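1. Here is a sequence with its predicted model. Questions after.
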Amino acid sequence: MEVKIEGRQVEIGDELRDRIQKYFDNLDQRFGPLTHGRISVERKAHNNEQRASVKTVVNVAGKTISATKESSTVLAAVNETLDTLTEELLTHAEKSKKSHR
């Protein structure tokens, strides 16, 4: 699966990049085949407060699933977004199983 990792106003280090890639690989094994994944990490200032916003988009056969979260740190925002994405994929998988019965 192809995964595109973007950083806006923030540097994505090798450790975070590897962690994200492993997570997407795990999702591909559990819910695959996933055709494409993209994660965008952005740091922004809002009312003199630093915030991190993360958006993920995954293409599954016939559907696009996305999740967006915002937190005070990049790592927390990434973790929350990936957890939400996993929940969305679980919901999609359950709906697919019910429609095939």
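-> Done, it's in.
2. For the rest of this, base every contact and every neighbour count on C-alpha atoms.
-> Noted.
3. Does residue 21 touch residue 3 like I think?
-> Yes. Using Cα atoms under 8 Å, residue 21 is in contact with residue 3, at 7.1 Å.
4. does the residue nearest to residue 58 when sequence neighbours are not counted sit in a helix, a strand or a coil?
-> Distances taken as Cα to Cα, 6 or more residues apart in numbering put residue 37 closest to residue 58, at 4.4 Å, once the chain neighbours are dropped. Three-state call for residue 37 (DSSP: H, G, I helix; E, B strand; the rest coil): strand.
5. now residue 76
-> Per three-state DSSP, residue 76 ends up helix.
6. how close does it sit to residue 67?
-> Residue 76 sits at a distance of 14 Å from residue 67 (criterion: Cα to Cα, to the nearest Å).
7. just residue 49 next, same as before
-> For residue 49 relative to residue 67 (Cα to Cα), the value is 23 Å.
8. The two: which is more packed in?
-> residue 67 (19 against 8; other Cα atoms under 10 Å).
9. ok so the more buried one is a strand residue?
-> Yes. Per three-state DSSP, residue 67 lies within a strand segment.
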